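Enquirer: Take a look and give me a structure for this.
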Amino acid sequence: MHTPFPAPASRRVVVALAAVLALTAAGCSSKAEDDEPSGTDKGGASAVKTDKGVDAKTITLGALTDMTGVYATLGKSVTQAQQLYVKQTNAAGGICDRQLKLEVKDHGYNPQKAVSAYTELAPQVLGFPQFIGSPFVAAVKQRIDGQDKALVIPQAWSSTLLGSDSIRQIGATYDVEMINAVDFLVKDKGVKKGDKIGHVYFEGDYGESAVAGSKFAAEKAGLTIVEQKIKPTDQDMTAQVTALKKAGVKAILISAGPAQSASLVGVAAAAKLAVPVVGSNPTYSPQLLKTQAAPALLANFFFAASTLPIGSSEPGPAKLVADYEAEYPGELVDNGMIAGYTAAAVFGEAIKKACESKDITRAGVTKALLSMTSSDMGFGITHDFSDPSQPSTRESYILHPDEKAKGGASVAKEKFTSEAATSFTPSAG
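Expert: Numbering: from 1, shown residues only. Presented below is the predicted three-dimensional model:
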């Protein structure tokens with residue numbers, strides 16, 4: 001399940017975060033050990049094993065989000081959708097005779113704040129249905145897998161996060177997305193053997209994962225990838241468009257943020273480089289349709305996603321929109337709502353299954369998630385969580401901007417898995 005939350009920071013950020021984590025962990029490790037709750041609630045038929053984040057009345061979950069940084073708008077929709085899930089679930093009686101509680105911490109997409117927020121919440125919660133930012137998750141991955149073992153469902157899809165029982169993404173990883181994107185360009189947009197495709201991508205885990213996929217697909221199709229690596233601070237894509245036009249590319253892939261997508265497509269249109277542009281799932285936001293780049297986006301831009309668009313008339317998205325607008329009247333509707341709600345719902349289903357086994361410890365919930373081989377939350381794609389080394393799906397929708405659709409996007413190509421994506425082996429972290 002995807003929405004625009006990339007991990008634009010470079011691997012240098014992960015190293016820096018590791019240093020921060022070492023300091024914060026050293027200061028709290030003895031306290032965490034002293035405070036660790038464990039045991040079995042004595043409640044007759046409802047007696048279950050519990051540990052951190054669970055008492056006789058409440059199950060506490062954590063959300064590490066961006067409400068004030070570069071992804072503030074989408075972070076808000078993810079968080080509000082999860083708060084909506086919690087409210088609805090509690091109104092229906094809760095889970096395992098307990099009410100859910102969501103503790104939200106805003107890290108503002110700041111490395112130090114992200115690590116500090118994780119360190120603060122980790123001893124208090126059963127797990128995290130939200131953690132925005134691949135580099136931040138990667139920085140605490142060793143601790144998650146080692147001492148904490150709390151289930152984390154991040155809103156980030158770098159393949160480096162694969163391979164962990166406790167960290168489970170919902171949706172295709174960035175590399176698989178780009179493999180499907182190349183297939184779309186070949187089968188639907190006239191790209192042929194011998195052609196060149198540009199790929200503009202952020203440095204770091206997000207971009208590197210994406211370009212690994214595009215290179216794999218290009219080799220299979222007899223294409224050449226022309227790389228243009230950028231930094232998250234790069235906002236003007238003039239230099240990149242100039243280089244790609246000179247190279248004679250027949251299409252462009254982009255794995256960056258919405259601002260870079262708008263610049264790329266707008267500059268390309270001005271330069272008379274009228275080629276299709278396909279983005280990773282974090283590259284689009286409906287707010288772009290209010291910018292000067294809107295005409296070019298409507299003409300030539302597409303993006304891959306592991307979910308239906310929020311404006312779909314299918315029952316899942318339609319009900320979520322109705323419920324969300326009733327709870328938050330006047331708020332922006334976007335695909336962040338699906339990402340947030342689905343993550344919370346998947347986490348909730350794992351708790352329910354763990355409760356059936358009388359074990360809502362962290363280990364019990366993680367085990368329950370791994371038993372979920374056909375999870376369908378109503379947003380178009382069924383997910384298999386049984387193998388942590390593999391994405392939960394290899395299917396992608398190709399979406400495109402649509403000014404008439406709620407949420408600003410509609411389906412350009414129905415879900416599919418390319419032959420190359422089926423044969424690809426992601427590089428787990």
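Enquirer: doesn't residue 351 make contact with residue 96?
Expert: Yes. In this structure, residue 96 is within contact of residue 351 by Cβ atoms under 8 Å, at 6.5 Å. All C-beta spots, glycine's among them, are computed from the backbone N, C-alpha and C.
Enquirer: Which of these two has more residues huddled nearby?
Expert: The neighbour comparison of residue 96 against residue 351 (other Cβ atoms under 10 Å) goes to residue 351, with 27 against 19.
Enquirer: Please report the distance of the residue sitting nearest the centre point of the chain from residue 220.
Expert: Residue closest to the mean C-alpha point of the chain, counted by Cα atoms, centre = their mean, is residue 155 at 3.0 Å. From residue 155 across to residue 220, the span is 29 Å (Cβ to Cβ, to the nearest Å).
Enquirer: Over to residue 143?
Expert: 38 Å.
Enquirer: Looking at those two, which has the bigger crowd around it?
Expert: residue 143 (21 against 18).
Enquirer: quick check, the more buried one in a helix?
Expert: Yes. Assigned with DSSP: H, G, I helix; E, B strand; the rest coil, residue 143 falls within a helix.
Enquirer: Need the residues touching each of residue 96 and residue 351.
Expert: The contact sets of residue 96 and residue 351 overlap at 59, 360 (Cβ atoms under 8 Å, 6 or more residues apart in numbering).
Enquirer: which SS class is residue 266?
Expert: helix.
Enquirer: Now for it, how many residues are close by?
Expert: For residue 266, using other Cβ under 10 Å, the count is 21.
Enquirer: residue contacts, it?
Expert: Residue 266 touches 291, 292, 293, 296, counting by Cβ under 8 Å, 6+ apart.
Enquirer: Just the pLDDT for it.
Expert: On pLDDT, residue 266 comes in at 97.
Enquirer: Next, please give the residue ranges for the helices of the stretch 1-150 of the chain.
Expert: 11-35, 72-91, 111-121, 134-143 (DSSP state H, counting those that start in this stretch).
Enquirer: What residues of the second one count as buried?
Expert: Within helix 72-91, the residues that qualify as buried are 73-86, 88-89, counting by 16 or more other Cβ atoms under 10 Å.
Enquirer: do stretch 270-287 as well
Expert: Quick answer for stretch 270-287 (16+ other Cβ under 10 Å): 273, 275-286.
Enquirer: what does stretch 240-257 give?
Expert: Neighbour count says stretch 240-257 has 240-241, 244-245, 249-257 buried, by 16+ other Cβ under 10 Å.
Enquirer: My read is that residue 273 contacts residue 244, right?
Expert: Yes. When contacts are counted by Cβ under 8 Å, residue 273 is listed as touching residue 244 (7.1 Å).
Enquirer: before we move on, back to that, so which of the contacts of residue 266 wins on neighbours?
Expert: residue 293 (23 neighbours).
Enquirer: thinking it is in contact with residue 260, fair?
Expert: No. Assessed by Cβ under 8 Å, residue 293 is found out of contact with residue 260, at 10.8 Å.
Enquirer: quick one: residue 245 from residue 311, how far?
Expert: 33 Å.
Enquirer: can you check residue 74 too?
Expert: From residue 74 over to residue 311 (counting by Cβ to Cβ), the distance is 16 Å.
Enquirer: Figure out how far stretch 281-291 is from the centre of its chain.
Expert: 16 Å (Cα atoms, centre = their mean, to the nearest Å).
Enquirer: Show residues contacting that stretch.
Expert: 2-6, 73-74, 157, 171, 177, 206, 254-258, 260-262, 266, 294, 297-298, 301, 303-306, 332-334, 399, 401, 403, 407-409.
Enquirer: and those residues, which are buried?
Expert: Buried, going by 16+ other Cβ under 10 Å: 2-6, 73-74, 157, 171, 177, 206, 254-258, 260-262, 266, 294, 297, 301, 303-306, 332-334, 399, 401, 407-409, out of the contacts of stretch 281-291.
Enquirer: In helices only, show me those.
Expert: Secondary structure assignment by DSSP state H places 73, 74, 177, 206, 258, 260, 261, 262, 266, 294, 297 of the buried ones among the contacts of stretch 281-291 in helices.
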